[in-house]
Structure formats: C-alpha cells, structure tokens
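A.B. asks: predicted model and sequence follow; I will ask about them next.
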Amino acid sequence: MSLTMNDNQINKPPKIDKIPLILYFLFIPACAYNFPLKGEPPTDTALATDSETADTDTATSDTTMETNTNPHTAGTETETTSANACPTGLAFDSSTYYTQAIYGTSGGTEYHDRCSAGQVIVGFRGYLTTIPSGTQVHGSLGTICGVPRVSLSNGKCIVQTSVGTSLSLRGTVGDIEWTQLCPENEIIMGFKAWIGADIDSIVFRCAPLIITSNGNGFAITRGPFTDLASVGGEMTQPQEQTDCPDGQVATMAHLFATSYFRAIGLGCQSPTTLD
C-alpha cells in the first residue's frame, strides 16, 4: 500500500504551539530590563533604600557636626561678651602730680615710695607712740599697694583691687600697730591730717574707679569718696583736705621721717584703659 501526499502536505511547516511562543517574548524583555520576577524584591527599590539610608546617615553626621562645633553656645557667648565689653586692664600716665606735703616738725629724710608699675595705693600701716603729754602720735608709716584689674560685673565694667606689696616703714618709733585698707575695690585718693609738733591723726580718703563706654572707647571716672576712720590721737590744728586731682589716683607716698614720721603727701597719676 502506498501513501500519497499532496504538495500542501509536503511543504507545510510543522505547527508551533502559540502559548510557549508568547512566553518566550515576555521573558526576553524581563531579562534585558531587569524586571523583577515574581517573589524577588525590586532591584531599583533596594538601591533607592540604600541611597536614602546613606543620605540619612550623612544628614545625621552633618547635624552632629553642627551641634558639636556650633560656636554660639552659652559659655562661648558669655566669654565673648566679657572679652569685648571691657578693657583688658589699666595703664598709668608717666607724669606724677605731687599733692601738698603736710608737715609736723619739718625736716628728716625725704622718701618717694612708689608702688610697682601698674599698682596703686590701697591703704597704709604704721605704729603710734604715746608722747609725754599722753597724746598718741604717728611714729612710723608705710604704704600698702594693690593690684587693679578690670572685670565685667552685672553688665558693668569695674576696677577690682587685690592687696599687693607693703613698702617699708618710714620712722622707727611706735608700739601700737595699726593697718587701714580702703573698702573693697577702692583706691587711696587723698587724706586729711591733724598736726601739732608731730602728726597727731590722719583720715585717709578712698574712692572706686568707674569705667564707661563713650562710643569711641572707654572713659574712667572717679566714684564717690569714702573717708576712713581717723587713726591717731587728738585732732589738733586740722589741715585742709588734700586729694589727688580729679581723674587721678595715688600711686606714690611722698614721706619725710627722722626717727619719727614727720610729713605726708601723695604722688598721683592718671589711669588709662588698655583696649
């Protein structure tokens, strides 16, 4: 038996199932464009998540750095304010003004007891002695210097003083010791003496220095006077009040002495600010 096929049967290509062909064309773009397959996380989403995390870390790092290096902290602001609001210190004019020297008995050795550079007089010390009449008089006297410094207090620039060097006693007589210091942060500005043959009694005068800004820098003025208690015996033959000129402070004691302390005056200088 022979099989006979017509031309159509011989040349007709084999039949291809349509469904696998459709899957084939769907699979190729998925590979080429990295489309996610079912059950796998999207690659682009993962990258975006990592990038966002990195950005978040960077932002956190930047925030931390800004917090740690920010100069406008409370402590820094206070220090800057203090540094800029007041002068750094005081200096004194080279010239010296001498007040009148008040004498008991004239004569004796003359002394110019100047405080160290940049220091001022903040008090005196000495010894009283009792003369035959029973009156106490000054037998010796010495100068007490102080160190001024400028600081900010309650929004104001103030001149503070601390006790520095005590200079030598002038006169060698006396057995009743005494010391007088100006009130806190004040400086010797003058005195008033009562005299007979000797210096019987002295009242020392003090005042603070006040620093203000005048728009072009700083200005120094003298505050109210404080008169200390009298040191010595009877107040006979009082002398006129003897003060440094306005705007000056005592930096030197101008003294005369034999075995007794005989006369007192002051050397005064003008303070200026160090900006």
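C.D. replies: Structure's in. What do you need?

A.B. asks: could I get the full set of strands for the stretch 151-275 of the chain?
C.D. replies: 156-166, 176-181, 187-195, 199-207, 209-213, 218-222, 226-227, 231-232, 242-243, 249-257, 261-269, 271-274 (DSSP state E, counting those that start in this stretch).

A.B. asks: and the protein, what are its domains?
C.D. replies: Structural domains assigned to the chain are 22-69, 89-274, following automatic domain parsing.

A.B. asks: on that earlier part again, I'd like the strands of the stretch 151-275 of the chain written out as CSV, with distance to Arg149 and mean neighbour count added.
C.D. replies: Heads up, the C-betas are built off the backbone N, CA and C, glycines and all. What follows is the strands of the stretch 151-275 of the chain, written out as CSV (distance: least, Cβ to Cβ, whole Å; neighbours: other Cβ atoms under 10 Å):
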stretch, distance to Arg149, mean neighbour count
strand 156-166, 5, 16
strand 176-181, 17, 14
strand 187-195, 12, 24
strand 199-207, 17, 23
strand 209-213, 11, 16
strand 218-222, 14, 16
strand 226-227, 20, 14
strand 231-232, 28, 21
strand 242-243, 24, 19
strand 249-257, 14, 25
strand 261-269, 17, 25
strand 271-274, 11, 16
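
A.B. asks: quick one, which of the ones you listed gets closest to Val137.
C.D. replies: Ranking those by proximity to Val137 (Cβ to Cβ) places strand 199-207 first, at 5.4 Å.

A.B. asks: low-confidence stretches in the stretch 51-200 of the chain?
C.D. replies: 51-84 (pLDDT under 70).

A.B. asks: change it to 50
C.D. replies: 51-54, 56-83 (pLDDT under 50).

A.B. asks: could you pull out the helices for the chain?
C.D. replies: Using DSSP state H, the helices of the chain run over 7-11, 18-32, 43-69, 74-85.

A.B. asks: what is the mean pLDDT for the second one?
C.D. replies: So that's helix 18-32. Here helix 18-32 scores 48 as its mean pLDDT.

A.B. asks: that older thread, TSV for the strands of the stretch 151-275 of the chain, including distance to Ile121?
C.D. replies: Listed next are the strands of the stretch 151-275 of the chain as TSV, based on distance: least, Cβ to Cβ, whole Å:
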stretch	distance to Ile121
strand 156-166	10
strand 176-181	10
strand 187-195	4
strand 199-207	9
strand 209-213	13
strand 218-222	14
strand 226-227	14
strand 231-232	15
strand 242-243	13
strand 249-257	4
strand 261-269	8
strand 271-274	13
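
A.B. asks: out of these, flag the one nearest His112.
C.D. replies: Nearest of those (Cβ to Cβ): strand 249-257, 5.9 Å.

A.B. asks: so what strands line up beside that closest one?
C.D. replies: In the sheet containing strand 249-257, its partner strands are strand 109-114 (antiparallel), strand 261-269 (antiparallel), by DSSP bridges.

A.B. asks: let's have those strands in TSV, adding distance to Val203.
C.D. replies: Formatted as TSV, the strands paired with strand 249-257 follow (distance: least, Cβ to Cβ, whole Å):
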stretch	distance to Val203
strand 109-114	20
strand 261-269	12
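
A.B. asks: with that, I have no additional questions.
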